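Trainee: just need the structure, nothing else, for what follows:
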Amino acid sequence: MSNDMKISSATPGDAQRVAAPNYPPGDLAIWIFILAELLVFAVFFAAYAFTRMNHVELFNEYQATLNRDAALINTLALLTSSYFVMRGVVAAREGNNAFCARWLWAAVAMGVVFVVVKSAEYAHHLGAGVSLSTNTFYMFYLSLTFFHFMHVILGMVILVAVAVKARGDGYSVEDHTGVETGASYWHMVDLLWLILFPLVYVMR
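Mentor: Below you'll find the model as predicted:
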């Protein structure tokens, strides 16, 4: 491979070598945390599926009260945000902090969309008198989605911190582990929703 093919022109006036991705990307500690979180959610998902098998009619009845359009909007928002985060990682590996920050801010904006839409869902249900004690379905729905909701909030805080650091030229081709760490967490949040969405909103 020629040297020209190894050079990125992403940074104006200062072409830099593109960093090879690390596997797994990011800090090892975040992967330990991610695996622990996935295990917790797996237990929740298994409990939901098992309980649903024994209360199919109840779950189908109250599942119909959920807003699938809102859930679909949130699915598209998170998928789009993950694409933006991926582009931010690529920019960081090329040493382009400015573009990295812009992509991450765009991802945060998609996170805001998710939070606003989900908050509207919660407001609707709470306004109708729904609570954890209403029935078994709503207990699982509120618990699972709110637990995930808090992970979205944490993920947005992480992305904001990474974007601010990137804006201040805090990363380089050689050192951009922080971007990959934040991205890994955000992709986990997205993955969990891709399981939660069909499980809670669609499966009958």
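Trainee: can you show me the strands along this structure?
Mentor: 7-8, 16-17 (DSSP state E).
Trainee: weakest of these by average pLDDT?
Mentor: Among the strands of the chain, strand 7-8 has the lowest mean pLDDT, at a mean of 38.
Trainee: contacts for stretch 128-139, please.
Mentor: 51, 55, 58-59, 61-63, 125, 142-143 (Cβ atoms under 8 Å, 6 or more residues apart in numbering). No exception for glycine: its C-beta is placed from N, CA and C like everyone else's.
Trainee: one more pass at 7 Å, please.
Mentor: Residues outside stretch 128-139 that contact it (Cβ atoms under 7 Å, 6 or more residues apart in numbering): 51, 55, 58-59, 62-63, 142-143.
Trainee: which among these end up buried?
Mentor: Buried by 16 or more other Cβ atoms under 10 Å: 59, 62-63, 142, out of these.
Trainee: ok, so of the residues you listed, who is nearest Phe197?
Mentor: Gln63 (12.2 Å; Cβ to Cβ).
Trainee: pLDDT below threshold where in this structure?
Mentor: Low-confidence segments of the chain (pLDDT under 70): 1-23, 25-26.
Trainee: what segments of it are helices?
Mentor: Using DSSP state H, the helices of the chain run over residues 28-54, 56-63, 68-93, 97-127, 136-167, 177-196.
Trainee: I'd like to know which of those is closest to Arg204.
Mentor: That would be helix 56-63 among the helices of the chain, by Cβ to Cβ, at 5.5 Å.
Trainee: what does that closest one contact?
Mentor: The contact list for helix 56-63 (Cβ under 7 Å, 6+ apart) reads 52, 135-138, 204.
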